[in-house]
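Chemist: give me the fold of what follows.
(2 chains)
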2 protein chains.
Amino acid sequence: MSSDALDIMSTLGEQARVAAKTMRMVDTKSKNHTLELAAAILRREMAEVLAANALDMKAADESGLDAALKDRLALDADRVEAMAEGLEQVAALPDPVGAVRDLVYRPSGIQVGHMRVPLGVIGMIYESRPNVTADAAALCLKSGNAVILRGGSEAIHSNRAVAACLRRALVDAGLPQDAVQLVDSTDRALVGALLKAEAYVDVIIPRGGRSLTERVARESRVPVIKHLDGICHVYIDADADREMAMNIAMNAKTHRYGVCNAMETLLIHKDAADVAADITREMLKKGVEIRGCNRFRAVVGRLDVKVASDDDWATEYLAPVLSVRLVDSIDEAIDHITQYGSGHTESIVTQDYDAGQRFLREVDSSSVMINASTRFADGFEYGLGAEIGISTDRLHVRGPVGLEGLTTEKWIVLGHGEIRE
Amino acid sequence: MSSDALDIMSTLGEQARVAAKTMRMVDTKSKNHTLELAAAILRREMAEVLAANALDMKAADESGLDAALKDRLALDADRVEAMAEGLEQVAALPDPVGAVRDLVYRPSGIQVGHMRVPLGVIGMIYESRPNVTADAAALCLKSGNAVILRGGSEAIHSNRAVAACLRRALVDAGLPQDAVQLVDSTDRALVGALLKAEAYVDVIIPRGGRSLTERVARESRVPVIKHLDGICHVYIDADADREMAMNIAMNAKTHRYGVCNAMETLLIHKDAADVAADITREMLKKGVEIRGCNRFRAVVGRLDVKVASDDDWATEYLAPVLSVRLVDSIDEAIDHITQYGSGHTESIVTQDYDAGQRFLREVDSSSVMINASTRFADGFEYGLGAEIGISTDRLHVRGPVGLEGLTTEKWIVLGHGEIRE
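Modeler: Numbers count the residues shown, from 1 in each chain, chains lettered A, B, ... in the order given. Presented below is the predicted three-dimensional model:
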């Protein structure tokens, strides 16, 4: 790694640490005011932001960026307005910082409890979408953290313009502008330097494709909050309400295809195989390709149901493709999920109390559901108000990550002169 | 690293993963029964455990192990009985696994909440004390985890005998004995292999001296729960009750010297300098060496108060030595703590409401106290029932770590057929 990259990151890191020291003590009103200012500035500077985005779009045309990526990159007045509204929504959320829970008296006379505090400095590494710049900065700011943003090089002009609005709001509010810093360079060595900046950064959050996340997880010396795959399962139990099973399966698969909480594998108890034909027909009608195990194929008896390979069970399609397997028991369903799942979201459809309780307890995913579509695994649906990402890791935070996931807790002790005997 | 070490660790890791799958679903009664069985077996096998310990003590004599380490290593009937009682105490603690909190209805109709679940596989790396083998195994077992124990090579015979009791209890209770595994080798390469076993181990907890913890933190690919230093501060504010200040300072420093929650630096507001002479006299009477800043030395005017160097502020003495500094304001006290503290435990002594609130909010340590001795920073005093270690990290868990720190939470969703619109 070039020493230049390390120098640049040290400077950003030092500045972030200084800003974080102030930010963790800023009161709720000032943080909300800053976010509202940022929304106003973003609207006022709309022309400038769109002009910057036009530069990125021109470069994207020249480099032959594919259509899907170009769509993610593109800004228009509606999208900038949505960003501004996003900032206002975060301003309206409750402040997690300083909240005290479970303050109890101990036999020694002291009161002991937990106080929620910011993590410190967050490193965000993301691709394409310029709105992540505004969203991530807003969540980090509201949770009392400083953030170092490293967006995709294809969005550098857009990100620079958006970040400038947030920094101007910080200055106007009398807060340190380095609470929001953008790595203003497309040098890829800076990603490596950020991942090694353990002295300055408390946590890294990657948002993007699997290869980005894998690289971050592999190289980072800083703790990472991430998710790799979303291979979500719906299991239709023997005692499932058939209409509910159909609705949930269709919604989990076809509501949106390219999202991490979409169902990728459907497991059906052999005694519920009567739903197989209906679901297959409806899926095919929607243009979903079905890849089934041999027993399932025998039950539905259709030539347009393909054979699932072992790879299918371990694949996140993010596309109109579904693998389906008939199982003998809930145990076989749970074993399948344990073996092939990615720890994201699984749902059982059942009217049986014991089956529901077992599934809830025994399935070890970040979200486990009874009688609901996997599509509900989402920060907004869960009531977080906003979401900075999803975690399929085990430590610190799992599932949708909102403001609370960007904080930690310290112990507080209120005494009256107590000493240890 | 030898491929042998990696092979051995893969085998232990695979076995731990299999055991963890069972352990996370074991009911509370069975876990408690297993711990009670283990206590009974430990008492029954007392002679065998003491004979094993005698082998370690003999080797310690031959290798010239120092007296403090030998004291930690030594077992007698009382210490084995204490281990057995420790197992019974963990059995009596509430089971954290399966607890559900904050289950609320969302506008969509689903109920969303959090369920506490085990982390999976814990790696413990520790030195000397054979009781850690029993304590750590008990806490991991009760929290539904599997554990891989790597004790110090000087305690290998003792650890083997203690671990055998726990494994026998698991078998007698019909649970997988590999829920508790000891790395039964003194090959140091196995520590390296454990730190790289990210496929099998969810978290590493080192317990021992600073050099061990630093090595673990530096080399580990697995997340680590650790603490490095305990440079704890007491700050006597201008508005402190003088008698309380004296009591807390004396207790925080002299109750025990070699512990991480002992005070190492005393900060005194210049308007509370009237306590300086009394505290100095009492400390010196107890045999505590005092190293003060020049202003403090001028105030007390004693030749037996030494000069504090910059290094003193950054040193965890773990000994009857205290550094003392006079400060102009609470801001200067907080700045000193921010610059030199280790994020462990700090306490303010004050009768001033605003000063107390500011200290509580602005000091960013794992425990922050008002009017209490730093010695209270302890799992038992906080009501955790038992403690597997202390964390001065920011993510996942901070301060004393009990059963809850060995678990994580998943989201649960209870629906009635809801789908995303």
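Chemist: which residue ranges form the helices in the stretch 101-250 of chain A?
Modeler: Per DSSP state H, counting those that start in this stretch, the stretch 101-250 of chain A carries helices over the ranges A:131-142, A:156-172, A:189-195, A:210-219, A:242-254.
Chemist: list the contacts of residue A:164.
Modeler: Listed by Cβ atoms under 8 Å, 6 or more residues apart in numbering or on different chains, the contact partners of residue A:164 are residue A:45. The way it works is simple: take the backbone N, C-alpha and C, and place the C-beta from them, glycine included.
Chemist: same check, this time on residue A:161
Modeler: Residues in contact with residue A:161 (Cβ under 8 Å, 6+ apart) are A:45, A:48, A:49, A:51, A:52, A:53.
Chemist: next: residue A:93.
Modeler: For residue A:93, the contact set (Cβ under 8 Å, 6+ apart) comprises A:142, A:385, A:386, A:403.
Chemist: could you find the closest non-adjacent residue to the first one?
Modeler: Computed as Cβ to Cβ, 6 or more residues apart in numbering or on different chains, the closest residue to residue A:142 that is not its neighbour in sequence is residue A:90, at 5.1 Å.
Chemist: number of residues surrounding that neighbour?
Modeler: 27 (other Cβ atoms under 10 Å in any protein chain shown).
Chemist: max-length strand in chain A?
Modeler: Scanning chain A for the longest strand, with DSSP state E as the assignment, gives strand A:407-418.
Chemist: count the neighbours of the residue in the stretch 101-250 of chain A that chain B sits nearest to for me.
Modeler: As assessed by Cβ to the nearest Cβ, chain B sits closest to residue A:244 within the stretch 101-250 of chain A, at 4.0 Å. Residue A:244 has 20 neighbours, counted by other Cβ under 10 Å.
Chemist: the residue nearest to residue A:142: what's it in contact with?
Modeler: Counting by Cβ under 8 Å, 6+ apart, the residues that residue A:90 touches are A:35, A:135, A:138, A:139, A:141, A:142, A:385, A:386.
Chemist: what of residue A:308?
Modeler: Counting by Cβ under 8 Å, 6+ apart, the residues that residue A:308 touches are A:291, A:292, A:293, A:323, A:324, A:325.
Chemist: confidence score at it?
Modeler: For residue A:308, the pLDDT comes out at 97.
Chemist: nearest spatial neighbour of it, skipping sequence neighbours?
Modeler: Closest to residue A:308 by Cβ to Cβ, 6+ apart is residue A:291, at 4.0 Å.
Chemist: and for residue A:128?
Modeler: residue A:72 (4.2 Å).
Chemist: now that neighbour: which helix or strand?
Modeler: helix A:67-73 (DSSP states H and E).
Chemist: show me what that helix is in contact with.
Modeler: Contacts of helix A:67-73 (Cβ under 8 Å, 6+ apart): A:53, A:56, A:57, A:60, A:61, A:65, A:128, A:129, A:130, A:154, A:155, A:158.
Chemist: ditto for stretch A:49-64
Modeler: Outside stretch A:49-64, the residues touching it (Cβ under 8 Å, 6+ apart) are A:42, A:69-70, A:73-77, A:80, A:130, A:154-158, A:160-162, A:165.
Chemist: hmm, 6 Å instead?
Modeler: In this structure, residues lying in contact with stretch A:49-64 by Cβ atoms under 6 Å, 6 or more residues apart in numbering or on different chains are A:70, A:73, A:75, A:80, A:154, A:155, A:157, A:158, A:161.
Chemist: same thing with stretch A:343-351?
Modeler: A:230, A:232-237, A:239-241, A:244-245, A:248, A:261, A:337, A:356, A:359, A:363, A:365-372, A:374, A:377, A:392.
Chemist: span of that stretch from start to end?
Modeler: Its start and end residues considered, stretch A:343-351 measures 24 Å (Cα to Cα, to the nearest Å).
Chemist: what residues does the stretch 251-400 of chain A put near chain B?
Modeler: A:251, A:255, A:360, A:362, A:366-373, A:375-376, A:382-383, A:394-396, A:398-399 (Cβ under 6 Å from any Cβ of the partner chain).
Chemist: closest to chain B out of the contacts of residue A:308?
Modeler: residue A:324 (18.9 Å).
Chemist: what about residue A:82, neighbour count?
Modeler: 13.
Chemist: again with the one 3 residues further on
Modeler: Other residues near residue A:85 come to 13 when the count uses other Cβ under 10 Å.
Chemist: about what we covered before: redo the contacts of residue A:308 as JSON lines? Include neighbour count, secondary structure and pLDDT.
Modeler: Formatted as JSON lines, the contacts of residue A:308 follow (neighbours: other Cβ atoms under 10 Å in any protein chain shown; DSSP: H, G, I helix; E, B strand; the rest coil; pLDDT from 0 to 100):
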{"residue": "A:291", "neighbour count": "22", "secondary structure": "strand", "pLDDT": "98"}
{"residue": "A:292", "neighbour count": "25", "secondary structure": "strand", "pLDDT": "98"}
{"residue": "A:293", "neighbour count": "19", "secondary structure": "coil", "pLDDT": "98"}
{"residue": "A:323", "neighbour count": "27", "secondary structure": "strand", "pLDDT": "98"}
{"residue": "A:324", "neighbour count": "26", "secondary structure": "strand", "pLDDT": "98"}
{"residue": "A:325", "neighbour count": "23", "secondary structure": "strand", "pLDDT": "98"}
